[in-house]
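S.K.: Generate coordinates for the sequence data below:
(one chain, ligands or ions: 1)
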Amino acid sequence: MPEKDWSDYRGILIVVEQRNGIAKKVSWQLLGEGRRLADKLNTHLSALVIGSNVSALAKEAIYRGADQVYLCDSEELKDYRTRPYSKVCLTVIGQYKPEIVLMGATYTGRDLAGAIATHLPTGLTADCTQLDVDEQRLLLASRPAFSEKMLATILCKQFKPQMATARSGVFLALPLDPTRDGDIIPIASQMKEDEIVTRVLDFLEQNDYVSLEDQEIIVAGGRGLGGPEAFALLQNLADALGGVVGASRAAVDAGWITHDHQVGQTGSTVRPKLYFAIGISGAVQHVVGMQNADMIVAINRDPNAPIFKVAHLGIVGDLFTLVPALCTAIKAQKDGQESVGIAL
Ligand SMILES: Cc1cc2nc3c(=O)[nH]c(=O)nc-3n(C[C@H](O)[C@H](O)[C@H](O)COP(=O)(O)OP(=O)(O)OC[C@H]3O[C@@H](n4cnc5c(N)ncnc54)[C@H](O)[C@@H]3O)c2cc1C
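M.R.: Take a look at the predicted model:
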């Protein structure tokens, strides 16, 4: 079969995910990575913003690295629904022919990417943790495979666009640069309300669900906690620092805390400013999920624990002494006391 000429497909398109006008961090992270890939391919980077009253996000996408933004802003697109959103994506892809399309591997991103890929003669690599391009302009989309035991790099050689979803927290967003300029191209909504067969009646927030991916401070605990009760200690520390509690898989598998708190290969990939690993040994499957934190503080009573190899600050000691002492020290500092010692 003669190879099809795809040379009219150029550029990278990032589909920006938002809810109530607030973008998911993964979208800005993908714009950062998309910028790197576009520069390597010597091509343009575009963003697609879909929603209602979302023009501010189109501007932000330019400040975050896009050369141009397709903006589809319409009342019936206020809430995500598969058909109207995928029709807008298909219209933009059909008209502007990007060679690569990327979106976040969120619940919405997975649904949308799957819906688009089934309408296009192309494949989709889901849940990537590494992206690159080669000299033939092929997307090297890498993701854990075979029960997460190996990393597979998947290529889509025969068709365009090459599509992938990527995990949150893996790539770095570019800082906002308000001096950047770019075109905002309006796109018409592709369906009228009476053509859409689904209705969003209400959103019921799951109040106790923790989304670790967007957190700046995470206090994570592992098997060293010895049981579910000790997570209350970690919660105190997280409260004192304004953060949330995370966990290793060992703690989750033991039933001490729910899976939404799990960090690592089969949990969330996080990139907080501060990450505490408390009573966590530092298995590779945990480390891949948190190694990109700006500051990692490890507390472990075993001086040879592998977690100390990735920690910026390591404290060897018993967590049951150290964590309450840290809470007291933080509280004292907040109350204005000059210096507080921690007795080990
Ligand atoms: C396919 C696959 C996917 C996986 N995915 C994940 C994943 O997403 N996330 C994940 O975390 N793991 C994952 N794992 C499991 C991983 O391999 C480890 O088993 C797990 O991370 C270990 O958890 P832990 O560090 O809490 O427990 P342990 O390895 O048992 O470590 C406990 C640590 O606590 C310390 N400790 C004990 N008592 C104290 C104390 N009083 N004070 C201070 N320190 C103390 C010990 O010295 C030890 O270092 C996966 C494994 C596989 C095979």
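S.K.: what about residue 235, which SS state?
M.R.: Secondary structure for residue 235, judged by DSSP: H, G, I helix; E, B strand; the rest coil, is helix.
S.K.: Tell me which residues touch it, please.
M.R.: 219, 245 (Cβ atoms under 8 Å, 6 or more residues apart in numbering). Using the backbone N, CA and C atoms, a C-beta is placed for each residue, glycine as well.
S.K.: could you measure residue 293 against residue 205, distance?
M.R.: 27 Å (Cβ to Cβ, to the nearest Å).
S.K.: Ignore what I typed, I meant residue 86.
M.R.: On the measure of Cβ to Cβ, residue 86 and residue 205 end up 25 Å apart.
S.K.: Helices of the stretch 201-344 of the chain, residue ranges please.
M.R.: Secondary structure of the stretch 201-344 of the chain by DSSP state H, counting those that start in this stretch: the helices cover 231-241, 249-253, 284-290, 307-310, 319-334.
S.K.: Same list (those) but as a markdown table, adding distance to residue 128 and mean pLDDT.
M.R.: Shown next, in a markdown table, are the helices of the stretch 201-344 of the chain (distance: least, Cβ to Cβ, whole Å; pLDDT from 0 to 100):
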| stretch | distance to residue 128 | mean pLDDT |
| --- | --- | --- |
| helix 231-241 | 30 | 96 |
| helix 249-253 | 21 | 98 |
| helix 284-290 | 13 | 94 |
| helix 307-310 | 22 | 98 |
| helix 319-334 | 35 | 93 |
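S.K.: Adding distance to the ligand as columns, could you present those in TSV?
M.R.: TSV is the format used below for the helices of the stretch 201-344 of the chain (distance: least, Cβ to the nearest ligand atom, whole Å):
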stretch	distance to the ligand
helix 231-241	11
helix 249-253	3
helix 284-290	3
helix 307-310	7
helix 319-334	4
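S.K.: Of all those helices, which one is nearest residue 126?
M.R.: Ranking those by proximity to residue 126 (Cβ to Cβ) places helix 284-290 first, at 17.3 Å.
S.K.: what does the closest one rub up against?
M.R.: 129, 148, 169, 218, 220, 222, 246, 248-249, 263-270, 275, 277, 280, 296, 306-307, 310.
S.K.: and stretch 124-144 with the ligand, contact?
M.R.: No: judged by Cβ under 6 Å from any ligand atom, stretch 124-144 stays clear of the ligand, getting no closer than 8.1 Å.
S.K.: measure that stretch end to end?
M.R.: For stretch 124-144, the first-to-last residue distance is 15 Å (Cα to Cα, to the nearest Å).
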